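Enquirer: build me a model from this:
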Amino acid sequence: QVQLVESGGGLVQAGGSLRLACAASGLTFSTKTMGWFRQGPGKERDFVAAISWINSGTYYTDSVKGRFTISRDNAKNMVYLQMNSLKPEDAAVYYCAATRWSFAGRRDPNDYNYWGQGTQVTVSS
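Expert: Next up is the predicted model:
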């Protein structure tokens, strides 16, 4: 079955960096757009970034542009989220997700077919 397993979360001070990783299995990774979403306590799950399988085109939510970078390694079935200059408002559970859609700008979680269990990111001020 499809599995998406996130890693790399943790506690970091504001201004610090973390690199999240997502290992995918059980799906044709090279034909899936991969996304990262986050959900804070009592909040909805929000789009963070995505990378298309067609041309590796990327999309980011405005609040992380210039600070976060999404990338993928099709040979390893991995997707990454490099997070720099972290802010307390970036704290959340971060989820990896996969969709058959080729357009990476789809931000609705309902457009994604597969999800990981999430990894916690905590940012201290």
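
Enquirer: so where do the strands sit in this protein?
Expert: Secondary structure of the chain, counting by DSSP state E: strands at 3-7, 10-13, 18-25, 33-39, 46-51, 58-60, 68-73, 78-83, 92-99, 114-115, 119-124.

Enquirer: how about these in TSV, adding distance to residue 107?
Expert: Heads up, the C-betas are built off the backbone N, CA and C, glycines and all. As requested, the strands of the chain are arranged in TSV below (distance: least, Cβ to Cβ, whole Å):
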stretch	distance to residue 107
strand 3-7	18
strand 10-13	25
strand 18-25	18
strand 33-39	8
strand 46-51	4
strand 58-60	8
strand 68-73	13
strand 78-83	15
strand 92-99	11
strand 114-115	15
strand 119-124	19
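
Enquirer: same list (these) but as JSON lines, adding mean pLDDT.
Expert: Written out in JSON lines, the entries for the strands of the chain read as follows (pLDDT from 0 to 100):
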{"stretch": "strand 3-7", "mean pLDDT": "98"}
{"stretch": "strand 10-13", "mean pLDDT": "98"}
{"stretch": "strand 18-25", "mean pLDDT": "98"}
{"stretch": "strand 33-39", "mean pLDDT": "98"}
{"stretch": "strand 46-51", "mean pLDDT": "98"}
{"stretch": "strand 58-60", "mean pLDDT": "96"}
{"stretch": "strand 68-73", "mean pLDDT": "98"}
{"stretch": "strand 78-83", "mean pLDDT": "98"}
{"stretch": "strand 92-99", "mean pLDDT": "98"}
{"stretch": "strand 114-115", "mean pLDDT": "98"}
{"stretch": "strand 119-124", "mean pLDDT": "98"}
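
Enquirer: which stretch among the ones you listed comes nearest residue 105?
Expert: With Cβ to Cβ as the criterion, residue 105 lies closest to strand 58-60 of those, at 4.5 Å.

Enquirer: quick one on the thing from earlier: now render the strands of the chain as JSON lines, adding mean neighbour count and distance to residue 106.
Expert: JSON lines is the format used below for these (neighbours: other Cβ atoms under 10 Å; distance: least, Cβ to Cβ, whole Å):
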{"stretch": "strand 3-7", "mean neighbour count": "17", "distance to residue 106": "17"}
{"stretch": "strand 10-13", "mean neighbour count": "13", "distance to residue 106": "29"}
{"stretch": "strand 18-25", "mean neighbour count": "19", "distance to residue 106": "17"}
{"stretch": "strand 33-39", "mean neighbour count": "24", "distance to residue 106": "8"}
{"stretch": "strand 46-51", "mean neighbour count": "22", "distance to residue 106": "7"}
{"stretch": "strand 58-60", "mean neighbour count": "18", "distance to residue 106": "8"}
{"stretch": "strand 68-73", "mean neighbour count": "18", "distance to residue 106": "14"}
{"stretch": "strand 78-83", "mean neighbour count": "22", "distance to residue 106": "15"}
{"stretch": "strand 92-99", "mean neighbour count": "23", "distance to residue 106": "7"}
{"stretch": "strand 114-115", "mean neighbour count": "18", "distance to residue 106": "14"}
{"stretch": "strand 119-124", "mean neighbour count": "17", "distance to residue 106": "22"}
